[in-house]
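Peer 1: Quick one, what's the 3D model for this:
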Amino acid sequence: MGGGHGCVEFWYEFASTYSYPAAMRVERVAREAGVELRWRPFLLGPIFGSQGWNDSPFNIYPVKGRYMWRDLARICEAEGLVLKEPVRFPQNGLKAARLALLGADEGWGPAFTRAVYSANFAGQQDISDEGVLGELLTRLGLDAGDLTARANAPEHKEKLKAQTSEAVARGLFGAPSFTVSGPGGDELFWGNDRLEAAVAWARR
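Peer 2: Here you go, the predicted structure:
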């Protein structure tokens, strides 16, 4: 935690490919820089929908998609991360995001987030399946039944909608994104490769 440095907010979506390496390294990068980190799961579906897309741009534009998977393979290899193409792409990360939002307030969110990304992009598991998510929670020593019930409560569902609306209001259009609040408003950085720039900005 920071010696007077700013805070980086890490906005991520579980279906997002580049959010996978970002989630696996963001804590280390922020800690080494002495910068505070806030985990902010949100949903890209409503944002893409407002742009008239009913699918990932990587599926809509196949050439872009082929490039992305190759690029991601290079990034993961450099980071020592396993990458196997998911059971489907994009996966529905709604239930996982509700849980991660709950965990963000209770301290287990980062570990759960990394577990979900590993399940999706390395383990080829269905992260929309409550059974799969429950197993990940149990492995972390958490009460899966209790947390699933709380994550599915109407007021908590609204909380995730509000977080997604906040992302839109703050100008986010993709994931991963990083925001650093300053006197002149938010500074927005988009993409796994902008993580270091966001952290450097927070140190200023």
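
Peer 1: other SSEs contacting the helix-or-strand element of the chain with minimal mean pLDDT?
Peer 2: Ranking every helix and strand in the chain by mean pLDDT, DSSP states H and E puts helix 45-50 at the bottom, with a mean of 80. Where contact means 3 or more CB pairs under 8 Å, 6 or more residues apart in numbering; DSSP states H and E, helix 45-50 is packed against helix 154-169. In this view, the C-beta of every residue, glycine as well, is placed from N, C-alpha and C.

Peer 1: Could you rerun that using 7 Å?
Peer 2: Applying 3 or more CB pairs under 7 Å, 6 or more residues apart in numbering; DSSP states H and E, we find helix 45-50 packed against no helix or strand.

Peer 1: List the buried residues for it?
Peer 2: Gly45, Ile47, Phe48 (16 or more other CB atoms under 10 Å).

Peer 1: which outside residues touch that helix?
Peer 2: With contact meaning CB atoms under 7 Å, 6 or more residues apart in numbering, helix 45-50 is reached by Thr164, Val168, Phe173.

Peer 1: go on, stretch 162-182?
Peer 2: 6, 8-13, 16, 18-19, 22, 40, 42-44, 46-47, 101, 186-192, 194-195, 198, 201-202.

Peer 1: One more pass at 6 Å, please.
Peer 2: 6, 8-13, 16, 19, 22, 42-44, 46, 186-190, 192, 198, 201-202 (CB atoms under 6 Å, 6 or more residues apart in numbering).

Peer 1: Show which residues not belonging to the longest helix along the chain make contact with it.
Peer 2: Longest among the helix segments of the chain by residue count, using DSSP state H, is helix 62-79. Helix 62-79 is contacted from outside by Thr17, Pro21, Phe58, Asn59, Leu83, using CB under 6 Å, 6+ apart.

Peer 1: Neighbour-wise, give me the winner out of the residues you listed.
Peer 2: Neighbour count (other CB atoms under 10 Å) singles out Thr17 as the most crowded of the contacts of helix 62-79, with 28 neighbours.

Peer 1: quick one: secondary structure of that one?
Peer 2: coil (DSSP: H, G, I helix; E, B strand; the rest coil).

Peer 1: Identify the residues contacting it.
Peer 2: Thr17 neighbours (CB under 6 Å, 6+ apart): Leu72.

Peer 1: what do you get for Thr148?
Peer 2: Contacts of Thr148 (CB under 6 Å, 6+ apart): none.

Peer 1: Quick check: which element contains it?
Peer 2: helix 144-151 (DSSP states H and E).

Peer 1: One more: Trp11?
Peer 2: Going by DSSP H and E, Trp11 is in strand 7-12.

Peer 1: same for the helix or strand following that strand, what does it pack against?
Peer 2: Heading C-terminal from strand 7-12, the first helix or strand you meet, by DSSP H and E, is helix 19-33. Helix 19-33 is packed against strand 7-12, helix 109-121, helix 195-203, with contacts defined by 3 or more CB pairs under 6 Å, 6 or more residues apart in numbering; DSSP states H and E.

Peer 1: hmm, 7 Å instead?
Peer 2: strand 7-12, strand 36-41, helix 62-79, helix 109-121, helix 195-203.

Peer 1: Relative to Arg194, how far out is the nearest residue to Gln51 once chain neighbours are set aside?
Peer 2: Leaving out its chain neighbours, the residue that sits closest to Gln51 by CB to CB, 6 or more residues apart in numbering is Phe173, at 7.9 Å. With distances taken as CB to CB, to the nearest Å, Phe173 is found 13 Å from Arg194.
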